[in-house]
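K.L.:
here are the coordinates; sequence isn't available:
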C-alpha cells in the first residue's frame, strides 16, 4: 500500500473530525476530496484498499468513517510515548495538545543536562536518560519522540531500541539505522522548509 | 517529478553535509544509497531527473553534489522568513538552528496575544500581526512559518497571502486552501505520530 495513501488517511481523519465538531453527519467522496484537494475517484480508491465504507446516495457517515480510519491507523487505542530530549523543541512538543487528542499520551520525559533533569514541563517531570530502560518497561511505553541534538541521536536511538521501544518519531536531522523490528518516522523541519523553497522556485519558473 | 524524489534530494543533501564535515571528498551511489536505505539504482535514477553529476570510477564529488542539490532545491540563496505565532511551538522554532544552516533566515516574528507581543525570543522581538503586511514588504519576506492555533490558521493564512508571501510552512493541523500562486507545505505533528503508529501496527501483524 502506497505511503501517500496512509498519509491521506490521516488527512481524511483530520477533516472528518472537523466535520463532526461542526455537527455534520455525512459527507460525499466529492466533498471530502475537495477538502484535501484530491478527486472523488482518489478518495474512493484510497478507502478501497481497506474495505467498503460508503453508502449509495448517502456518502460516508462521518463518525463511522472516523472509527474505521482510527482502526486502520491503529489509533483506536491509546499509545504511550516518551519524550527524549527536553530542550526548546522537546518542551514545545510536551505542551502540544494535538498528540493527546489523536490518541498519544506522553508518559515520561528524559534529558541528560543537569539544568533540565528534575524540571517539570507541562506537568511532566524530566528524568535522567539513565532511567529510560526501567521506565519504558514499568510504564509500558511503546513510542519515543526523539528531540535530541543530531550528534547524539544515533546513540540515544540505540538505547531506545535496547529499552524495547517499538517506534521512534525522529526530529533529529539524521537518518537512523535501526533494526527492522523498530519503526522510524523522521520529521526534519529544515527539510520541510527546503521542500517549500523548491515548490516556490518551481512556481516562479512556470 | 515525483514528490518522493524531491524529498530524497533533501535527505541526500543532509547526508552529504555530514560527509563533508567528516572530510570525505567523494562517495559512490551505493554508499550514498545505503545511508538512506535505498539502492544505488534509485540514487542514480533520482539524480538523472536533473542531470549527470557522477564521475566514472570516482562516484560523486560531495561538495559539488551539495551545490547541485542546493541549486535544484533553490537553497543556494538565503530565504527570508517570518514566524507567525510565538506560542510554545513558535518559540521553539525560533530557537531552531537548523533553519539558518540550510539557508533560511527568520527575520521577523508575529503574534496577537498581549502577553507575547513585545517579548523577545532568541534575539527576535515579537510584533503584532497588524504590522505583518508592512514588514513583509519592507524586509522582503518570502516565506512564513505558521505556528498558530488551528481555529485561526485559515484567517492568518489569508493575511499572509494578501501580504505577498510566496510560501507557507503550515504547522496548524488544518488543510489551507490558498491561491495557486502560494505554495504550502504542511507539517502535522500528530499526523506524523499516527503514521508511526500505523507502521508499528503493520509490523506487529507480520
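P.N.:
Perfect, I can see it now. Remember, it's a predicted structure, so these values are computed and weren't measured experimentally.
K.L.:
make it CA atoms for all contacts and neighbour counts henceforth
P.N.:
Will do.
K.L.:
each with direction, which strands does the strand ranked longest in chain A pair with?
P.N.:
With residue count as the measure and DSSP state E as the assignment, chain A has strand A:104-111 as its longest strand. Listed by DSSP bridges, the sheet partners of strand A:104-111 and their directions read strand A:79-84 (parallel), strand A:124-128 (parallel).
K.L.:
mean confidence score for the helix or strand following that strand?
P.N.:
Sequence order places strand A:120-121 as the next helix or strand after strand A:104-111, per DSSP states H and E. In this model, strand A:120-121 has an average pLDDT of 96.
K.L.:
go on, stretch A:184-203?
P.N.:
Summarised as a single mean, pLDDT over stretch A:184-203 is 94.
K.L.:
for it, buried residues please.
P.N.:
Across stretch A:184-203, burial judged by 16 or more other C-alpha atoms under 10 Å in any protein chain shown covers A:184-201.
K.L.:
also stretch A:48-55?
P.N.:
Of the residues in stretch A:48-55, those buried by neighbour count under the rule 16+ other C-alpha under 10 Å are residue A:54.
K.L.:
got it, and stretch A:129-149?
P.N.:
A:129, A:132-133, A:135-136, A:141-148.
K.L.:
okay, and which of those map to helices?
P.N.:
Of the buried residues of stretch A:129-149, the ones assigned to helices by DSSP state H are A:132, A:133, A:135, A:136.
K.L.:
so, low pLDDT: which residues of chain A?
P.N.:
Applying pLDDT under 70 to the predicted model, the residue ranges of chain A that meet it are A:206.
K.L.:
longest helix of chain A?
P.N.:
When chain A is parsed with DSSP H, its longest helix is helix A:3-21.
K.L.:
does stretch A:42-60 reach chain B?
P.N.:
No: where contact is defined by C-alpha under 8 Å from any C-alpha of the partner chain, no part of stretch A:42-60 touches chain B; the two come within 13.2 Å at best.
K.L.:
end to end, how far does that stretch reach?
P.N.:
Taking C-alpha to C-alpha, to the nearest Å, stretch A:42-60 runs 14 Å from one end to the other.
K.L.:
can you tell me the closest non-neighbouring residue to residue A:139?
P.N.:
residue A:107 (7.6 Å; C-alpha to C-alpha, 6 or more residues apart in numbering or on different chains).
K.L.:
list the residues that contact that neighbour.
P.N.:
Remark: with contacts taken as C-alpha atoms under 8 Å, 6 or more residues apart in numbering or on different chains, residue A:107 is in contact with A:80, A:81, A:82, A:124, A:139, A:141.
K.L.:
pick out the most distant pair among those.
P.N.:
A:124 and A:141 (14.9 Å; C-alpha to C-alpha).
K.L.:
sorry, back to before: pull the residues that contact the longest helix of chain A.
P.N.:
Counting contacts by C-alpha under 8 Å, 6+ apart, the residues touching helix A:3-21 from outside are A:25, A:32, A:35-36, A:46, A:62-63, A:65-66, A:69-70, A:73, B:173-174, B:191, B:194-195.
K.L.:
which among these end up buried?
P.N.:
In the contacts of helix A:3-21, burial by neighbour count holds for A:32, A:35-36, A:46, A:62-63, A:65-66, A:69-70, A:73, B:173-174, B:191, B:194-195, counting by 16+ other C-alpha under 10 Å.
K.L.:
now, which of these sits nearest residue B:164?
P.N.:
Closest approach to residue B:164 among the buried ones among the contacts of helix A:3-21 (C-alpha to C-alpha): residue B:174, at 21.1 Å.
K.L.:
not counting residues beside it along the chain, what's closest to the closest one?
P.N.:
Ranked by C-alpha to C-alpha, 6+ apart and with sequence neighbours excluded, the top spatial neighbour of residue B:174 is residue B:150, at 6.2 Å.
K.L.:
got phi/psi on that neighbour?
P.N.:
The phi/psi pair for residue B:150 (degrees, to the nearest 10) reads phi -50, psi -40.
K.L.:
residue contacts, it?
P.N.:
B:172, B:173, B:174.
K.L.:
what's the domain layout of chain A?
P.N.:
As given by automatic domain parsing, the domain ranges for chain A are A:3-73, A:79-191.
K.L.:
pull the number of nearby residues for the nearest residue to residue A:108 once chain neighbours are set aside.
P.N.:
Distances taken as C-alpha to C-alpha, 6+ apart place residue A:82 nearest to residue A:108, at 4.9 Å, with adjacent residues excluded. Other residues within reach of residue A:82 by the criterion other C-alpha atoms under 10 Å in any protein chain shown amount to 26.
K.L.:
residue contacts, residue A:82?
P.N.:
Residue A:82 neighbours (C-alpha under 8 Å, 6+ apart): A:106, A:107, A:108, A:109, A:110, A:141, A:143, A:144, A:145.
K.L.:
if I look at the third one, how far off is chain B?
P.N.:
Look at residue A:108 and chain B: by C-alpha to the nearest C-alpha, to the nearest Å, they are 16 Å apart.
K.L.:
so how far is residue A:44 from that residue?
P.N.:
For residue A:108, the distance to residue A:44 under the criterion C-alpha to C-alpha works out to 40 Å.
K.L.:
look at those two and report which has more neighbours.
P.N.:
Under the neighbour definition other C-alpha under 10 Å, residue A:108 and residue A:44 were set side by side, and residue A:108 has more, 21 against 17.
K.L.:
does the more buried one really touch residue A:81, like I thought?
P.N.:
Yes: under the criterion of C-alpha atoms under 8 Å, residue A:108 is in contact with residue A:81, at a separation of 7.2 Å.
K.L.:
doesn't residue A:75 belong to a helix?
P.N.:
No: counting by DSSP: H, G, I helix; E, B strand; the rest coil, residue A:75 is not part of a helix but coil.
K.L.:
list the contacts of residue A:191.
P.N.:
With the criterion set at C-alpha under 8 Å, 6+ apart, residue A:191 makes contact with B:7, B:10, B:11.
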